[in-house]
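**Student:** below: sequence and its predicted model.
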Amino acid sequence: MVDSVAKSFGSLDRSTANDMLRDAVANALDGRRGPVVLDYPANFDDGDCGDLPEPTPGYRESSPGRPALEQVSRLLAGAKRPMVVVGADVAATGAQADLLRFVEATGGAVLVNMDARGVFPESHPRWAGVMTGNYIPNTVEGDLAELCDLVILVGADSLMTHAPWAFEMPAIELVSRPEHRTTVPNPEVRIDGSLAESLRALASISKPGVPVESIDAVKQNVLKYFVRPPKADFAIQDIVASCRDSLPQEGIVISETGAFVRVLEHLWPIDRYGGYLGTSGGRTMGLMIPAALGTKMALPDVPMIGIGADGSALMRLGELEVFARMNVAMPLVIVNDSALGTMKSRQASRGLPEFGLDLTPVDYAAVARASGINGVVANSPEEFDSALANAMTAAVATIIDARIDQQPYWDGFALSIGAIPEDY
């Protein structure tokens with residue numbers, strides 16, 4: 001049952017419990033991190049596992065092959081406007097400083113994978129956006145496809161895209177470990193081995209690359225579709241701006257999928273890896289509440305804000321009681337449009353009739369109070385700002401039931417994925 005979502009599964013046995021714990025931790029942290037499931041028998045006591053096991057030595061990356069590096073160097077030297085797609089493996093292998101030097105030397109325009117926000121500082125003028133797999137015009141990927149002539153993927157995960165690879169320009173992949181799949185079906189060159197070593201070797205190729213003015217023009221062309229709807233009384237842009245301004249630099253924003261997610265990716269730049277924990281790859285529903293609970297319990301002194309959607313919240317309301325029971329305090333924002341807004345927008349943009357996506361109105365603030373935590377309804381930007389300010393310092397968790405204007409929210413999602421109406 002768990003094979004598709006976990007790196008491994010095992011049942012603890014008293015005779016091998018300590019070794020199994022050690023190996024499970026090592027497996028979870030090795031390479032691309034992920035869950036390891038251990039079946040904990042009902043008759044086990046805490047002491048049956050023994051002392052906390054010593055961690056095992058980590059994987060050592062091999063050095064990249066010189067012939068492949070030379071081939072990449074020739075391709076890079078011949079390119080005029082390189083694009084760099086950055087994955088979370090860059091952070092996992094400690095290659096962030098080398099990535100920054102490489103990008104600045106070669107003049108790349110940077111896209112980051114959905115799980116790699118903050119790996120490359122998003123306030124940097126060479127950061128273009130978050131890659132999701134929308135290759136059509138009026139998206140960052142689509143506009144960069146017209147601008148760039150070579151793409152270099154650095155530590156990118158093939159699962160971090162919504163659609164098969166569609167860039168037609170030559171592609172190079174730098175991959176930390178040979179067992180990792182390529183994102184590009186047929187890259188010109190693939191280099192397995194230390195990302196830091198590869199980046200240091202390639203940073204010797206200095207060139208102007210993509211003008212930062214051109215990168216900014218791409219962003220501005222797309223950002224015009226993320227402007228706050230002028231006729232809305234309460235918009236998702238109000239929520240994102242308030243949360244962004246309220247969260248300290250060392251804080252963490254925790255999110256999930258929803259019609260708002262592209263707004264987070266375009267209007268809330270992240271400069272620190274780990275500062276954003278959110279949906280990636282398959283765009284997971286029902287993530288924010290449990291992810292916020294676990295993250296805040298692990299890091300109780302770090303300021304955090306959770307931003308989720310009403311459809312996802314309906315899957316997780318029982319966990320609000322755990323916030324009360326474990327005395328976990330943080331703001332939990334529920335973007336409430338009383339619908340499955342993403343799919344409602346897709347129905348409209350594809351010319352389909354409205355069907356089955358409107359939700360029964362739910363008072364999430366009342367559910368929160370009944371679960372032992374705070375609950376507040378916000379119907380305007382002013383009410384939201386006040387509720388968030390109080391929630392940031394409250395001694396218990398607070399659900400902020402943010403009841404935004406529906407139609408501008410649904411229309412905005414279509415714009416955010418490049419589905420621009422002809423009459424726009």
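**Tutor:** Alright, I've got the coordinates. Residues are numbered from 1 along each chain as shown.
**Student:** what residues go with each domain of the protein?
**Tutor:** As assigned by automatic domain parsing, the chain contains the domains 8-49, 66-222, 227-416.
**Student:** how about those in a markdown table, adding mean pLDDT and distance to Glu422?
**Tutor:** C-beta: built from backbone N, CA, C; applies to glycine. Formatted as a markdown table, these follow (pLDDT from 0 to 100; distance: least, CB to CB, whole Å):
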| stretch | mean pLDDT | distance to Glu422 |
| --- | --- | --- |
| domain 8-49 | 83 | 42 |
| domain 66-222 | 95 | 13 |
| domain 227-416 | 95 | 11 |
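**Student:** including mean neighbour count and distance to Arg60, could these go into a markdown table?
**Tutor:** A markdown table is the format used below for the domains of the chain (neighbours: other CB atoms under 10 Å; distance: least, CB to CB, whole Å):
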| stretch | mean neighbour count | distance to Arg60 |
| --- | --- | --- |
| domain 8-49 | 14 | 11 |
| domain 66-222 | 20 | 9 |
| domain 227-416 | 19 | 22 |
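**Student:** which one of those lies nearest to Asp423?
**Tutor:** Closest approach to Asp423 among the domains of the chain (CB to CB): domain 227-416, 11.8 Å.
**Student:** how far does that closest one sit from the chain's center?
**Tutor:** 15 Å (CA atoms, centre = their mean, to the nearest Å).
**Student:** and for stretch 152-165?
**Tutor:** Put simply, stretch 152-165 sits 13 Å off its chain's centre (CA atoms, centre = their mean).
**Student:** got a list of what Ala309 touches?
**Tutor:** Contacts for Ala309 (CB atoms under 8 Å, 6 or more residues apart in numbering) come out as 256-260, 285, 334-335, 337, 341.
**Student:** so which of those residues belong to strands?
**Tutor:** Mapping those onto strands (DSSP state E) picks out 334-335.
**Student:** now, which of the contacts of Ala309 sits nearest Gly278?
**Tutor:** Ranked by distance to Gly278 (CB to CB), the contacts of Ala309 are led by Glu256 at 6.6 Å.
**Student:** do you know how far Leu320 is from Ser123?
**Tutor:** 35 Å (CB to CB, to the nearest Å).
**Student:** picking that back up, how about the domains of the chain in CSV, adding distance to Asp423?
**Tutor:** Converted to CSV, these look like this (distance: least, CB to CB, whole Å):
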stretch, distance to Asp423
domain 8-49, 44
domain 66-222, 15
domain 227-416, 12
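**Student:** can you say which of these is nearest to Met1?
**Tutor:** Nearest of the domains of the chain to Met1, taken as CB to CB: domain 8-49 at 8.6 Å.
**Student:** what's the end-to-end length of that closest one?
**Tutor:** Criterion CA to CA, to the nearest Å; first-to-last residue distance in domain 8-49 is 19 Å.
**Student:** and Asp358, what are its bridge partners?
**Tutor:** With DSSP bridges applied, Asp358 shows beta-bridge pairing to Ala339.
**Student:** unless I'm mixing things up, it is touching Ala339, no?
**Tutor:** Yes: counting by CB atoms under 8 Å, Asp358 does reach Ala339; the two are 5.1 Å apart.
**Student:** using PDB, write out the CA atom coordinates for stretch 73-84.
**Tutor:** In PDB, the C-alpha atoms belonging to stretch 73-84 read as follows (Å, rounded to 0.1, in the frame of the first residue of the first chain):
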ATOM      1  CA  SER A  73      32.000  23.300 -22.000                       C
ATOM      2  CA  ARG A  74      31.900  23.400 -25.800                       C
ATOM      3  CA  LEU A  75      28.100  23.500 -25.900                       C
ATOM      4  CA  LEU A  76      27.900  26.200 -23.200                       C
ATOM      5  CA  ALA A  77      30.600  28.300 -24.900                       C
ATOM      6  CA  GLY A  78      28.600  28.200 -28.100                       C
ATOM      7  CA  ALA A  79      25.400  29.200 -26.500                       C
ATOM      8  CA  LYS A  80      24.400  32.900 -26.300                       C
ATOM      9  CA  ARG A  81      21.400  32.800 -23.900                       C
ATOM     10  CA  PRO A  82      21.500  29.900 -21.500                       C
ATOM     11  CA  MET A  83      18.600  28.900 -19.200                       C
ATOM     12  CA  VAL A  84      19.400  27.100 -15.900                       C
END
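**Student:** name the residues that touch stretch 133-141?
**Tutor:** Contacting residues not belonging to stretch 133-141 are listed as 111, 128-132, 142-143, 145, 161-164, 166-167, 218-219, 221-222, 225, 417-418, 420 [CB under 8 Å, 6+ apart].
**Student:** apply 7 Å and report the result again.
**Tutor:** Residues outside stretch 133-141 that contact it (CB atoms under 7 Å, 6 or more residues apart in numbering): 111, 128-129, 131, 142-143, 145, 161-163, 166, 218, 222, 225, 417-418, 420.
**Student:** output that stretch as CSV, nothing but the C-alphas.
**Tutor:** Provided in CSV are the C-alpha atoms of stretch 133-141 (Å, rounded to 0.1, in the frame of the first residue of the first chain):
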residue,chain,number,x,y,z
GLY,A,133,5.6,22.6,-17.0
ASN,A,134,3.4,25.3,-18.6
TYR,A,135,5.2,25.8,-22.0
ILE,A,136,2.6,28.0,-23.6
PRO,A,137,2.8,31.8,-24.2
ASN,A,138,2.2,34.2,-21.4
THR,A,139,3.9,31.9,-18.9
VAL,A,140,7.5,32.2,-17.8
GLU,A,141,8.5,28.9,-19.4
